[in-house]
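# Sequence isn't available, so here's the structure alone:
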């Protein structure tokens, strides 16, 4: 899957080590509800969209995209939040009932 660089205003972009423009996350006023791979990767703390996409799948850490509009593939913020929540162990059972 190939991604296209986001076209953000200059005040939201910075120069990356590769010479491309990167998003200044500290300047982003909010995270949108729907995100493409580049923005979802940044939101999830992945180094690149490619690294994010390698961890996307039915049995992987991040969910498959929920929205498909033509060639656009988008993840919902709520789905990403749920995937990043710490896994909880089974709640402690009351063993008194087993006695």
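Done, it's in. Predicted, not measured: the structure shown is a model, and the values here were computed from it.
# Which of the residues in the strand or helix carrying residue 82 are classified as buried?
Here residue 82 is covered by helix 77-84, with elements defined by DSSP states H and E. Under the neighbour-count criterion of 16 or more other CB atoms under 10 Å, helix 77-84 has 77, 79, 80 buried. Where you see a C-beta, it was placed from the backbone N, CA and C, and this is true even at glycine.
# okay but the last one is in contact with residue 65, surely?
No - under the criterion of CB atoms under 8 Å, residue 80 is not in contact with residue 65, lying 10.3 Å apart.
# sorry, back to before: rebuild the buried residues of helix 77-84 as CSV, extending it with pLDDT and distance to residue 39.
Conversion of the buried residues of helix 77-84 to CSV gives the following (pLDDT from 0 to 100; distance: CB to CB, whole Å):
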residue, pLDDT, distance to residue 39
77, 95, 10
79, 96, 14
80, 95, 10
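# Of these, just say which sits nearest to residue 54.
Nearest to residue 54 among the buried residues of helix 77-84, counting by CB to CB, is residue 80 at 15.4 Å.
# Any idea how many residues pack against the closest residue to residue 37 other than its chain neighbours?
With sequence-adjacent residues excluded and distances taken as CB to CB, 6 or more residues apart in numbering, residue 37 is closest to residue 49, at 4.3 Å. Residues near residue 49, counting by other CB atoms under 10 Å, number 19.
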